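Engineer: sharing a model prediction with you, sequence too.
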Amino acid sequence: MTAFRTIKHQIRHLFIAVQRVIQYVAQAVTRIFAPTDDQYPATGVQPFTGDSADKKKQNH
């Protein structure tokens, strides 16, 4: 009976390990294909309104 229990115990641990690997991969795939959760404001293109750093270019 002890050999049967040992084999049964090893098979159970093998199934648990396979289940954990599948869950790990599934979580990664879910995160890759999920909608973005970034909270950046929609600003668009902003025109430059500052001063030129080069004095030569201001005269032209």
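Structural biologist: Here it is on my side, so go on.
Engineer: what mean pLDDT does the top helix by length along the chain get?
Structural biologist: Counting residues, the longest helix in the chain under DSSP state H turns out to be helix 2-33. For helix 2-33, mean pLDDT rounds to 95.
Engineer: report the distance from it to the chain centre.
Structural biologist: Relative to its chain's centre, helix 2-33 lies at 22 Å (Cα atoms, centre = their mean, to the nearest Å).
Engineer: elements contacting that helix?
Structural biologist: Packing partners of helix 2-33 (3 or more Cβ pairs under 8 Å, 6 or more residues apart in numbering; DSSP states H and E): none among the helices and strands. C-beta: built from backbone N, CA, C; applies to glycine.
Engineer: going forward, count from 146.
Structural biologist: Sounds good: first residue 146 from here, last item helix 147-178.
Engineer: now that helix: buried residues?
Structural biologist: Within helix 147-178, no residue is scored as buried using 16 or more other Cβ atoms under 10 Å.
Engineer: could you give the number of residues near Asp182?
Structural biologist: By the criterion of other Cβ atoms under 10 Å, Asp182 has 6 neighbours.
Engineer: distance check, it against Thr194.
Structural biologist: 32 Å (Cβ to Cβ, to the nearest Å).
Engineer: same thing with Gln168?
Structural biologist: Gln168 is 52 Å from Thr194, by Cβ to Cβ.
Engineer: same question for Ala162.
Structural biologist: 60 Å.
Engineer: before we move on, what about Ala179?
Structural biologist: Taken as Cβ to Cβ, the span from Ala179 to Thr194 is 38 Å.
Engineer: next: Pro186.
Structural biologist: Counting by Cβ to Cβ, the gap from Pro186 to Thr194 is 19 Å.
Engineer: cool, and Ile167?
Structural biologist: Taken as Cβ to Cβ, the span from Ile167 to Thr194 is 54 Å.
Engineer: all set, thanks.
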